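A.B. asks: Based on what follows, work out the 3D shape:
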Amino acid sequence: MRSSRIAASVALVTAFVLGCGGAPAASPSGAGQGIVAEVASYQLVAEKPGRLLVALLANDNRWLSFGTVDMTFSYLGEATGTPTSGVAYAVPSSGVAMEGSTATFLAIPGSPEGDGRSPSLTLPEDGRGVYAVEAITFPRAGYWQVTARGKLGDASTFNADAAFTVLDRPAVLTVGDRAPLTDNPVIGDPGVSAASLDSRAAGGQPIPDPELHKTSIADAIRAGHPALVVFSTPVYCVSRFCGPVTDLVADLAAKYEARADFIHVEIYEDFAAGKVNQAALDWLAPDNGDLREPWTFLIDADGRIAGSWDTVVARKEIEPLLAALPVK
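C.D. replies: As a prediction, this is how the structure comes out:
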């Protein structure tokens with residue numbers, strides 16, 4: 001796991017896939033035209049509908065934001081090993097080309113939505129997000145390539161591509177799975193420091209969202225309560241998405257506390273020692289140990305996962321599900 005702050009846009013794009021550590025599963029290109037692409041989804045599974053997220057950034061650290069872009073996909077081959085960062089992956093003549101899709105801008109929580117605006121290069125404070133294909137099914141596991149094409153507001157065009165991996169089976173818990181009865185630490189537990197509950201509480205600072213640290217996942221499930229759970233490390237998150245996503249969950253808690261329990265699980269028990277909270281390992285660590293975050297789950301009243309969102313999640317994706325829940 002790493003906590004380095006990313007200064008260059010290409011490094012920041014790579015952070016989407018690195019999450020909290022691990023090797024990148026993609027190889028960005030398109031830098032010659034000023035825009036690079038990287039797949040930001042952590043878990044895409046063959047023959048299972050999934051949500052594809054692609055980040056597009058310029059090499060001057062601006063983000064491509066707003067509007068829609070076109071995406072096409074090609075199959076590159078079987079995933080017999082991990083691609084090496086920086087290697088160009090050409091689409092083989094025998095490759096399987098998929099029908100194109102339209103990807104819509106999905107703003108990071110708290111960033112401008114840019115409704116009605118064409119794709120534009122923006123400074124981070126003026127727009128940050130990814131482009132999402134909300135429902136896509138890849139027919140086979142292996143290495144794939146996405147090519148994003150679009151037109152900017154000044155009528156200039158761009159295209160950028162990136163390779164990524166489609167798994168043959170889920171590596172992390174997914175919709176329909178039984179949620180583990182995880183006894184994540186909460187406020188008041190003996191010997192538990194505030195910083196191990198929320199990395200923003202290091203150095204004696206108060207926990208910003210104490211309402212997210214009152215109930216464990218196990219207690220919510222045993223009580224028959226739905227629960228919205230975010231796994232994140234707001235201070236040490238490489239992608240810098242953890243803070244905004246955690247803030248979104250806190251905002252939803254204030255509005256829907258009568259319908260669900262709301263829980264934040266900090267990734268690190270002790271960042272300096274590199275020690276990860278067991279609750280995060282229980283949920284996010286696949287067999288290869290490549291733990292990535294942020295990740296948000298909705299658990300239903302029967303203790304099964306009803307929603308799962310890796311990396312970026314927007315209010316409009318979660319709120320309808322919460323609004324439909326009965327009052328506890």
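
A.B. asks: Where does the closest residue to Leu64 other than its chain neighbours fall, secondary structure wise?
C.D. replies: Spatial nearest neighbour of Leu64, excluding adjacent residues (C-beta to C-beta, 6 or more residues apart in numbering): Leu56 at 3.8 Å. For the C-beta atoms, the positions are set from N, CA and C on the backbone; glycine is no exception. Assigned by DSSP states H and E, Leu56 belongs to strand 50-58.

A.B. asks: name the helices or strands packed onto that strand?
C.D. replies: Under the contact definition 3 or more C-beta pairs under 8 Å, 6 or more residues apart in numbering; DSSP states H and E, strand 50-58 sits against helix 9-18, strand 35-39, strand 63-65, strand 68-77, strand 97-107, strand 129-136, strand 142-151.

A.B. asks: Distance of Arg149 relative to Thr68?
C.D. replies: Distance, Arg149 to Thr68, using C-beta to C-beta, to the nearest Å: 11 Å.

A.B. asks: now His213
C.D. replies: Relative to Thr68, His213 is positioned 38 Å away (C-beta to C-beta).

A.B. asks: between these two, which one's more packed in?
C.D. replies: Applying other C-beta atoms under 10 Å to His213 and Thr68 shows that His213 carries more neighbours, namely 24 against 14.

A.B. asks: Ramachandran coordinates for that one?
C.D. replies: Backbone geometry at His213, expressed as degrees, to the nearest 10, gives phi -130, psi 30.

A.B. asks: what pLDDT does it get?
C.D. replies: Looking at His213, its pLDDT reads 98.

A.B. asks: The chain: helices as residue ranges?
C.D. replies: 9-18, 194-197, 217-222, 242-256, 278-284, 315-323 (DSSP state H).

A.B. asks: other SSEs contacting the shortest one?
C.D. replies: Contacting helix 194-197 under the criterion 3+ C-beta pairs under 8 Å, 6+ apart are the following elements: strand 261-266, strand 268-270.

A.B. asks: Sketch out the low-pLDDT regions of the stretch 151-300 of the chain for me.
C.D. replies: The stretch 151-300 of the chain contains residues with pLDDT under 70 at 288.

A.B. asks: can you rerun that using 50?
C.D. replies: Within the stretch 151-300 of the chain, no stretch has pLDDT under 50.

A.B. asks: Nearest residue to Leu76 in space, ignoring adjacent ones along the chain?
C.D. replies: Nearest non-adjacent residue to Leu76 (C-beta to C-beta, 6+ apart): Tyr143, at 3.9 Å.

A.B. asks: Domain parsing of this protein, as residue ranges.
C.D. replies: Domain assignment for the chain, taken from automatic domain parsing, gives 9-166, 194-323.

A.B. asks: would CSV of these with distance to Val186 be doable?
C.D. replies: Shown next, in CSV, are the domains of the chain (distance: least, C-beta to C-beta, whole Å):
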stretch, distance to Val186
domain 9-166, 22
domain 194-323, 5
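
A.B. asks: and Thr174, which of these is closest to it?
C.D. replies: Minimum separation from Thr174 across the domains of the chain (C-beta to C-beta) falls at domain 194-323, 5.6 Å.

A.B. asks: From the opening residue of the closest one to its closing one, how far?
C.D. replies: This stretch, domain 194-323, spans 31 Å end to end (C-alpha to C-alpha, to the nearest Å).

A.B. asks: What of stretch 271-282?
C.D. replies: End-to-end distance for stretch 271-282: 18 Å, by C-alpha to C-alpha.

A.B. asks: Repeat that for stretch 161-177.
C.D. replies: Using C-alpha to C-alpha, the end-to-end distance of stretch 161-177 comes out at 33 Å.

A.B. asks: sorry, back to before: any idea of the pLDDT on the residue nearest to Leu64?
C.D. replies: For Leu56, the model assigns a pLDDT of 96.

A.B. asks: What about it, how many residues nearby?
C.D. replies: For Leu56, the count of nearby residues is 28 (other C-beta under 10 Å).

A.B. asks: Show me the beta-bridge partners of it.
C.D. replies: Judged by DSSP bridges, the bridge partners of Leu56 are Ala37.

A.B. asks: Hmm, it is touching Trp63, no?
C.D. replies: Yes - the criterion here is C-beta atoms under 8 Å, and Leu56 meets it with Trp63 at 7.4 Å.

A.B. asks: rewinding a little: let me have the helices and strands packed on strand 50-58 in TSV, adding distance to Ala179 as columns.
C.D. replies: Below are those laid out as TSV (distance: least, C-beta to C-beta, whole Å):
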stretch	distance to Ala179
helix 9-18	26
strand 35-39	27
strand 63-65	34
strand 68-77	32
strand 97-107	25
strand 129-136	23
strand 142-151	30
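
A.B. asks: Select, out of those, the one closest to Cys237.
C.D. replies: Across the helices and strands packed on strand 50-58, closest to Cys237 is helix 9-18 (C-beta to C-beta), at 8.8 Å.

A.B. asks: residue contacts, Glu293?
C.D. replies: Neighbouring residues of Glu293 by C-beta atoms under 8 Å, 6 or more residues apart in numbering: Gly19, Cys20, Phe231, Ser232, Thr233, Cys237, Cys242, Ile267, Ala280, Leu284.
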